[in-house]
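Engineer: Please find the sequence and the predicted model below.
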Amino acid sequence: MDTNPALPGRSLAGPRTVYNTDHEMFRDQVRRFFERHIVPHHRQWERDGIVPRSVWLEAGAAGLLCPMLSEEYGGAGADFGYSAIIIEEIARTNCTGPGFPLHSDIVVPYIADLATEQRKRDWLPGMARGEIIGAIAMTEPGMGSDLKAMRTTARREGDEYVINGSKTFISNGQLADLVIVCAKTDPSAGRKGISLICVPAGTPGFTKGRNLEKIGLHAQDTSELFFEDVRVPVGNLLGEENRGFSYLIRNLPQERLVIAVRAAMGMEVMLEKTVDYAKERQAFGQPVIDFQHNRFKLADAKAQATMFRVFADHCLALHLRGELTVELAATAKLLGAELQNRLFDDFLQIHGGYGYMAEYEIGRAWADARVGRIYGGSSEIMREIIGRTL
Ligand SMILES: Cc1cc2nc3c(=O)[nH]c(=O)nc-3n(C[C@H](O)[C@H](O)[C@H](O)COP(=O)(O)OP(=O)(O)OC[C@H]3O[C@@H](n4cnc5c(N)ncnc54)[C@H](O)[C@@H]3O)c2cc1C
């Protein structure tokens, strides 16, 4: 292929302008960290169903956690571009186990923006060091897309909240030391009765269920969480009571951009690996890329991945300027996840039986990518969001 996405600053669409040289220097550092601390161990972590805590501490020490957090609380005070580089390196190496983006780019911003000063000082430095691992619990066994139907409640009693309910599919759930729990503080008010409350692991009544067995993302821990008369101080509330839904809406564009950024890099990298494979693999006396069907599939894939790269970088640039809208973030997430799934399926097919073997990266990437159409708001919910703007 004429373009090597593994080279810093390059993409299928040519030179990338969204990053500056400091970003690319940071990419070198991240790349070295992944090559040393993550890539050699990831297959074992997939078998374990979880990554070790030690890699979180190593990532914290290397400055890979919470790049956007202000220096006052132990972060680097950097922009989202630094986070995007970490996300891209996860996609490039296909090492989906460490839930760093969820922690740094989804959980920590809620605390940094909305917690009391005391709680920020209690938690954020430990989160930047990888000592306190974060999770966010919205989904329940009976509801995922329809947040207003949540049944977990937080009843105020004096200066405490008493939380009851259960959550499921929570990423980082086994490792989590601090969980942002979405709960109804006014059960009669639908989405206007939701609050975000931080619950530290070890609080009496808070228990973690089993590490859920998934069809992909095998090294990532995903859990059920149970809350039975869990008491936390009212100081653990994020922002104002009953305003949780509006906070979620405000932060979801960044969560969706995380998924789109990962999809863009994943498509470029897997395309390249598939082209290499198709040039090497022989059938009927010729490389399988010489069959026009395969070549056309790969040509279409290259054209579409190139188009998506341009759009994803556009959204990234908008976000760096604070201008990414809910609608565009939903568009990027919808297109990225859907296209990635289609292309990965074609790439797997071109690998033949080897594509179905776990030892080949495409099979694992295909299974990992499937959830992109479901979490962070499903593709159907993205279409609803876009549809409302028509
Ligand atoms: C690996 C993994 C990790 C996850 N991590 C987290 C996490 O860290 N925290 C967390 O809170 N949640 C997490 N989730 C949950 C995820 O966000 C939900 O699964 C997702 O929001 C969908 O909710 P649901 O599963 O209840 O599906 P449902 O809401 O029951 O939807 C079922 C189907 O109906 C469709 N549908 C629903 N409503 C509409 C509508 N209005 N119009 C058209 N179609 C509709 C959906 O798109 C879907 O296809 C995770 C899930 C997975 C699989």
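Structural biologist: Thanks, I have the structure now. Residues are numbered from 1 along each chain as shown.

Engineer: tell me the secondary structure for residue 78?
Structural biologist: Here residue 78 takes the coil state, with states given by DSSP: H, G, I helix; E, B strand; the rest coil.

Engineer: per-residue confidence for it?
Structural biologist: Among the per-residue scores, residue 78 holds a pLDDT of 97.

Engineer: pLDDT wise, what is the nearest residue to it once chain neighbours are set aside at?
Structural biologist: Among residues not flanking residue 78 along the chain, residue 67 sits closest, at 4.4 Å (C-beta to C-beta, 6 or more residues apart in numbering). To be clear about C-beta, it is placed using only N, CA and C from the backbone, and glycine gets the same treatment. In the prediction, the pLDDT value recorded for residue 67 is 97.

Engineer: Confirm that residue 67 lies within a strand, as I assumed.
Structural biologist: No. Secondary structure assignment (three-state DSSP) places residue 67 in coil, not in a strand.

Engineer: ok, it to residue 83 distance?
Structural biologist: 6 Å (C-beta to C-beta, to the nearest Å).

Engineer: Tell me which helix or strand residue 313 sits in.
Structural biologist: In this assignment (DSSP states H and E), residue 313 forms part of helix 292-320.

Engineer: The first helix or strand past that helix going along the chain versus helix 292-320: what angle between them?
Structural biologist: In the C-terminal direction, the helix or strand that comes right after helix 292-320 (DSSP H and E) is helix 326-350. Inter-element angle recorded for helix 326-350 and helix 292-320: 150 degrees (by axes from the mean of the first three to the mean of the last three C-alpha atoms, to 10 degrees).

Engineer: Hmm, residue 226 and residue 164 touching each other?
Structural biologist: No. The pair residue 164 / residue 226 is not scored as a contact, 9.5 Å apart, by C-beta atoms under 8 Å.

Engineer: For the residue in the chain sticking out farthest from the centre, grab phi and psi.
Structural biologist: Taking C-alpha atoms, centre = their mean, the residue of the chain most remote from its mean C-alpha position is residue 285, at 42.8 Å. Phi and psi for residue 285, reported as degrees, to the nearest 10, are phi 80, psi 20.

Engineer: Same check on residue 282?
Structural biologist: Phi and psi for residue 282, reported as degrees, to the nearest 10, are phi -100, psi 140.

Engineer: okay, now it: neighbour count?
Structural biologist: Taking other C-beta atoms under 10 Å as the criterion, the count of residues near residue 282 is 10.

Engineer: In contact with the residue in the stretch 201-350 of the chain that the ligand sits nearest to, which residues are there?
Structural biologist: For the stretch 201-350 of the chain and the ligand, the shortest gap (C-beta to the nearest ligand atom) falls at residue 222, measuring 5.0 Å. For residue 222, the set of contacting residues under the criterion of C-beta atoms under 8 Å, 6 or more residues apart in numbering consists of 169, 170, 171, 173, 211, 212, 214.

Engineer: Out of those residues, grab the one that's most surrounded.
Structural biologist: Scoring the contacts of residue 222 on neighbours with other C-beta under 10 Å, the highest-scoring entry is residue 173 at 26 neighbours.

Engineer: Just the pLDDT at the closest residue to it other than its chain neighbours, thanks.
Structural biologist: Excluding the flanking residues, the one nearest residue 173 by C-beta to C-beta, 6+ apart is residue 223, at 2.6 Å. Residue 223 is assigned a predicted lDDT (pLDDT) of 98.

Engineer: I'd guessed residue 29 sits against residue 62; true?
Structural biologist: Yes. Assessed by C-beta under 8 Å, residue 29 is found in contact with residue 62 at 7.2 Å.

Engineer: what stretches of the protein score poorly on pLDDT?
Structural biologist: Filtered on pLDDT under 70, the chain yields the residue ranges 1-9.

Engineer: give the contact list for the residue in it that the ligand sits nearest to.
Structural biologist: Scanning the chain for proximity to the ligand using C-beta to the nearest ligand atom identifies residue 144 as nearest, at 1.9 Å. Contact analysis of residue 144 by C-beta under 8 Å, 6+ apart lists 138, 169, 378.

Engineer: Near residue 148, how many other residues are there?
Structural biologist: Close neighbours of residue 148, defined as other C-beta under 10 Å, add up to 13.

Engineer: OK, contacts around it?
Structural biologist: Neighbouring residues of residue 148 by C-beta under 8 Å, 6+ apart: 190, 191, 194, 245.

Engineer: Look up how far residue 381 lies from it.
Structural biologist: Summarising the geometry, the distance separating residue 148 from residue 381, computed by C-beta to C-beta, is 13 Å.

Engineer: How about residue 310?
Structural biologist: When distances are taken as C-beta to C-beta, residue 310 and residue 381 turn out to be 25 Å apart.

Engineer: the more surrounded of those two?
Structural biologist: It is residue 381, of residue 310 and residue 381, that has more neighbours when counted by other C-beta under 10 Å, with 17 against 14.

Engineer: Spell out which helix or strand contains that one, please.
Structural biologist: helix 379-387.

Engineer: Contacts (any at all) between the ligand and that helix?
Structural biologist: Yes. Part of helix 379-387 sits near the ligand under the criterion C-beta under 6 Å from any ligand atom, namely 380, 381, 384.
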